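**Student:** Give me a 3D structure for the following:
(one chain, ligands or ions: 2)
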Amino acid sequence: MDKIYITRKLPEEIVEPLREKFDVQMWHSESTAMTYEEIKANAKDAHALWTALSDNIDRGIIESLQNLKVISNFGVGYNNIDVESAKEHGIIVTNTPGVLTETTADLTFALLLATARRITEVEQEIRAGNWISRSPMQYTGMDVFGATLGIIGMGRIGEAVARRAKGFDMNVLYHNRSRKLDAEETHGVRYMELDELLQQSDFVILLTPLTLETKGLIGERELNLMKETAAIINVARGGIVDEQALYEALVSKKIWAAGLDVFEQEPIPINHPLLTLPNVTVLPHIGSASIRTRLAMMELNAKDIEAVLKNKEPQNRIV
Ligand code: NAP
Ligand code: GLV
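**Tutor:** Ligands and ions are numbered 1, 2, ... in the order given. As a prediction, the model looks like this:
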């Protein structure tokens, strides 16, 4: 019987149907992630490895799992997997695109609104007992309606965010590796080179994958191009923005605020400098975290693992 190893504890309703056909083993704890060595040891003879985004599935792990046929990643991004190495070893890699697009676009917009109107910062003011009077300019933020939004990465989620932005009467600019004429026509968005988009936008949203080209895409130079009244929202991956440069731009008021769902290190260390700034809104990487969407993502993983183990073509193959 083929063995599936799952590196996170998943709901039994998802795993149970697989147990009838495969030897399914999974990590026991919902609150702790597996270490690199634990993955190597526990998945040693697995035919399928069901991974989470924080698992570093590098060449070392891939070469140590001799029976492996498929790696199925719980998420659309797959920067945590050495796909070239998987390909070299004839291992199929799958992910969960599409089913999380709208949920992640909702969260992106929630983070945009929260950052613009300082929602989490001012809520903390109430809870700390600091709301003792009302004055005209107290707790004021930036308008979202009618503002200029720059989306970097006009893919599935980028387009879903552009649709929402139109409801807020925003002027939407985008930058993408390739021009998206369909999106321009459907959503009325305008293509711009990166520097120009950064100079013109009131809000900049990052929605590219983390790759060799996008790592450090937004650093000191790029942040300096932004308006002093602008905010940056990162729902893509931590490594796309240089966090040290972001911290300095926020402290020196080169930009107005940041909204972050993702970080270079996750969970973000509690003593991270960005957490000391009131003009940073932070979330614990919850872009796709609605109950329905998370279950739909797991269904895709389960289907694709079963397909590969039955020598069929999976629906969401990366390599
Ligand atoms: P997608 O449909 O593949 O869209 C990605 C877009 O980025 C594509 O349009 C792509 O351009 C563009 N791109 C790639 N490299 C680029 C570069 N160097 N410069 C400019 N644009 C570039 O993916 P998606 O489903 O929208 O997801 C996007 C990313 O969001 C994921 O990879 C993941 O990292 C992140 N994400 C985060 C969460 C969360 O919980 N925070 C949830 C879901 C996804 P082309 O058209 O040329 O390929
Ligand atoms: C989440 O970050 C994803 O890539 O699905």
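
**Student:** Now do the same for the residue lying farthest from the centre of the chain: its pLDDT.
**Tutor:** The centre of the chain is farthest from one residue, Ser133, which by CA atoms, centre = their mean lies 38.5 Å away. Ser133 is assigned a pLDDT of 93 by the prediction.

**Student:** Now do it against Glu125, distance only.
**Tutor:** Distance of Ser133 to Glu125, given as CB to CB, to the nearest Å: 12 Å. From N, CA and C alone the C-beta is placed, and that goes for glycine too.

**Student:** same deal with Ala183?
**Tutor:** For Ala183, the distance to Glu125 - CB to CB - is 39 Å.

**Student:** higher neighbour count, those two?
**Tutor:** Ala183 (21 against 15; other CB atoms under 10 Å).

**Student:** Correct me if wrong: that one contacts Val161.
**Tutor:** No - applying CB atoms under 8 Å, one finds Ala183 not in contact with Val161, separated by 11.1 Å.

**Student:** Could you tell me which residues of this structure lie near ligand 2?
**Tutor:** 53, 75-77, 100, 287-288 (CB under 6 Å from any ligand atom).

**Student:** Using JSON lines, please lay out those together with neighbour count.
**Tutor:** Compiled in JSON lines, the residues of the chain next to ligand 2 are given as follows (neighbours: other CB atoms under 10 Å):
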{"residue": "Leu53", "neighbour count": "19"}
{"residue": "Gly75", "neighbour count": "20"}
{"residue": "Val76", "neighbour count": "23"}
{"residue": "Gly77", "neighbour count": "19"}
{"residue": "Leu100", "neighbour count": "23"}
{"residue": "Gly287", "neighbour count": "25"}
{"residue": "Ser288", "neighbour count": "23"}
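
**Student:** Of all pairs in the residues you listed, which one is the farthest apart?
**Tutor:** Pairwise distances across those peak at 11.8 Å for Leu53 and Leu100 (criterion: CB to CB).

**Student:** between the two, what contacts are shared?
**Tutor:** Gly75 (CB atoms under 8 Å, 6 or more residues apart in numbering).

**Student:** At which residues are the strands of the stretch 101-250 of the chain located?
**Tutor:** With DSSP state E, counting those that start in this stretch as the criterion, the stretch 101-250 of the chain has strands at 148-152, 171-175, 190-191, 203-206, 231-234.

**Student:** So stretch 88-100, near ligand 1 or not?
**Tutor:** Yes - Stretch 88-100 is in contact with ligand 1 by CB under 6 Å from any ligand atom, via 97, 100.
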